[in-house]
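# Sequence below, structure please.
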Amino acid sequence: MKFFTSKRVVLFLLFIFPLICFLLLSTGKNNFTKLSTLTKNVTDVLEIDPTKSNTLLGNVSIVCFLGEDVNKNKAGLFNLNQKIYKKFIDNKKFQIIALFPEGKEIEVEELKEEIGAFTDMKKWRFVAASKENINLFYASFSLAAPLVALSSNKAFIIDKELSLRGRKTAEEYVYAYDMNSVSELKDKLKDDMNVLYYEYYAAFKERNKNKADR
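Below is the predicted model:
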């Protein structure tokens with residue numbers, strides 16, 4: 001057919017098709033998939049932090065457990081710093097909470113210096129707590145896999161309302177993210193953090209829309 005000339009096809013693809021997509025997206029309802037809530041009412045780290053200077057409430061937090069051998073997860077922490085922390089450092093209310101047992105302060109200071117050589121540490125929070133309190137805090141996640149010597153190679157997402165977040169679908173169940181796997185940090189943790197932030201953004205827009213409609 002003469003109507004479908006190559007020039008008209010190119011014009012359609014360049015101008016008309018994107019416009020149609022924009023109109024559909026701007027007028028339709030937002031049905032994006034929210035990040036699954038796996039456990040509610042996680043204990044706030046404020047309750048086990050002797051300094052009472054750190055809290056999960058009101059923050060988007062990545063939590064990790066350094067354990068009795070602080071250097072065991074060093075490589076994973078460097079991965080977390082490079083692939084996640086640096087991507088979200090400018091996001092509001094973002095932080096990384098790294099828990100370690102009391103008595104390991106010297107090793108942690110050395111670790112902080114090593115990580116700090118490559119980045120601004122303003123949103124890293126290193127929290128010392130008793131062994132009992134670390135175990136109690138982790139128990140509030142309600143997970144089957146235990147900590148080993150107070151340590152885990154996993155990173156966990158805790159939202160502003162103290163809920164453990166992750167992926168729970170028919171295809172996969174992800175409650176935490178392997179810090180030793182660069183691909184898992186980039187392809188899953190980064191994506192899931194973006195989903196969570198967009199969830200808050202969409203809720204903010206909806207609240208403002210409702211205020212305007214009153």
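# Next, count neighbours for the closest residue to residue 104 other than its chain neighbours.
Leaving aside its chain neighbours, residue 104 sits nearest to residue 70 (5.3 Å; criterion: Cβ to Cβ, 6 or more residues apart in numbering). Just so you know, the C-beta spots here come from the backbone N, C-alpha and C atoms, and that holds for glycine as well. For residue 70, the tally of surrounding residues (other Cβ atoms under 10 Å) stands at 22.
# And for the one 4 residues further on?
For residue 74, the count of nearby residues is 16 (other Cβ under 10 Å).
# before we move on, what SS does the residue nearest to it when sequence neighbours are not counted have?
What sits nearest to residue 74 in space, not counting adjacent residues and going by Cβ to Cβ, 6+ apart, is residue 111, at 6.5 Å. Of the three states, residue 111 takes helix according to DSSP: H, G, I helix; E, B strand; the rest coil.
# dump the residue contacts of residue 111.
If you count contacts by Cβ atoms under 8 Å, 6 or more residues apart in numbering, residue 111 has them with 66, 70, 71, 74, 77.
# wait, which of those is closest to residue 94?
residue 77 (16.2 Å; Cβ to Cβ).
# quick one: the closest one and residue 115 touch, right?
Yes - shown here, residue 77 and residue 115 form a contact pair, counting by Cβ atoms under 8 Å, at 6.5 Å.
# neighbour count winner among these two?
For residue 77 versus residue 115, neighbours defined as other Cβ under 10 Å are more numerous around residue 77 (23 against 19).
# Next, find the distance separating residue 204 from residue 100.
To residue 100, residue 204 is 35 Å away according to Cβ to Cβ, to the nearest Å.
# Who has more neighbours out of these two?
residue 100 (23 against 10).
# Each with direction, which strands does whichever helix or strand the more buried one is part of pair with?
Per DSSP states H and E, residue 100 falls inside strand 94-101. Strand 94-101 sits in its sheet next to strand 60-66 (parallel), strand 124-129 (parallel), going by DSSP bridges.
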